[in-house]
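Visitor: Sequence first, then the predicted structure:
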Amino acid sequence: MKKAIIILFMLFIASSVFAQTKLYDIVFVKANDIAAYDQYLEEQFSKIHQKRIDEGMLLQWDVWKVVDNPQEDFTHMITYIFDIDKYGDSINPQSYLGMTDRQWQIMQQDVSGIRTRVGQVKWNDLGSARKKGVDYLPEIMVLNFMMLKNDQWETYEQAEINATKSIANTSVRVGWNFHRRIDDYGTDNYFSHVTVDWFDQYKDYLKLGMGPLTDASKANQDWNELRELKKRVVMQKLISLGN
């Protein structure tokens, strides 16, 4: 019994350390030919990143597409999830596809003609919750871009974590995540944190706005003293490798 307790304790320490070293590298892309770009992602880039995952260089690679919002300034969000100790390991991507340098260059020129990288950020994990039985990556991500107010980092982050300790079985929302942006600081930044609400279907998200609304509570007013919701973007899973 004592030995089992020690093993469980060591596993808890290992998992905690691993969680603290997980890095999310996010790329936002605007595609002017969405069908062609999707084809490149599915037929070419997914092969590269699957091999990186197989070799232990990458934990997970996901691609998300913006839903029902053609006026958004990006069409795709690509998520690279690393163990921080493996981040920055050099790769030769064309070798994963059996291409020569020239063939890779031609493909890159073609890809550049159908999409533009409009942003790249990095964030880490601060907290999460899942509805009971949800041990999969849901289909719909609702990304909320938050901007911290008055530099109340600890107060705001703890308030977010305390507000979503669990998700009721009756909720249409199936999960929640909280991240801090770690790649840049300054007065001109668009956002400092993101929260993610997870749903199984897009219509489940829409149902949240169809019920009766009430005036803002005192608790919601207090939230507005800590952070500002800059933008909300709904996305659907296109590709997920490694989860």
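Guide: Received it, and whenever you're ready, just let me know what you need.
Visitor: domains of this protein?
Guide: 21-120, 125-240 (automatic domain parsing).
Visitor: Now tabulate the ones you listed in TSV and tack on mean pLDDT and mean neighbour count.
Guide: Backbone N, C-alpha and C define where each C-beta goes, glycine included. Output for the domains of the chain, formatted as TSV (pLDDT from 0 to 100; neighbours: other Cβ atoms under 10 Å):
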stretch	mean pLDDT	mean neighbour count
domain 21-120	93	15
domain 125-240	89	15
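Visitor: Which strand or helix spans the most centrally placed residue in the chain?
Guide: Taking Cα atoms, centre = their mean, the centroid of the chain lies closest to Thr79, which sits 5.9 Å from it. Assessed by DSSP states H and E, Thr79 sits inside strand 76-83.
Visitor: Can you give the strand pairings for that strand, parallel or anti for each?
Guide: strand 22-31 (antiparallel), strand 60-66 (antiparallel) (DSSP bridges).
Visitor: What are the contacting residues of the longest one?
Guide: Residues external to strand 22-31 that are found in contact with it (Cβ atoms under 8 Å, 6 or more residues apart in numbering): 37-38, 59, 73-84, 87, 114-125, 179.
Visitor: before we move on, the earlier item: now render the strands paired with strand 76-83 as JSON lines, adding distance to Asp197.
Guide: JSON lines is the format used below for the strands paired with strand 76-83 (distance: least, Cβ to Cβ, whole Å):
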{"stretch": "strand 22-31", "distance to Asp197": "17"}
{"stretch": "strand 60-66", "distance to Asp197": "13"}
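Visitor: Minimum distance to Gly242: which of those strands has it?
Guide: Nearest of those to Gly242, taken as Cβ to Cβ: strand 60-66 at 3.8 Å.
Visitor: Which one, of the strands paired with strand 76-83, ends up nearest to Pro212?
Guide: strand 60-66 (28.5 Å).
Visitor: so how far is Glu43 from the residue nearest to the centre of the chain?
Guide: 19 Å (Cβ to Cβ, to the nearest Å).
Visitor: Equivalent analysis for Gln71, please.
Guide: 28 Å.
Visitor: What of Tyr24?
Guide: Tyr24 is 25 Å from Glu43, by Cβ to Cβ.
Visitor: cool, Lys165 as well?
Guide: Applying Cβ to Cβ to Lys165 and Glu43 gives a distance of 42 Å.
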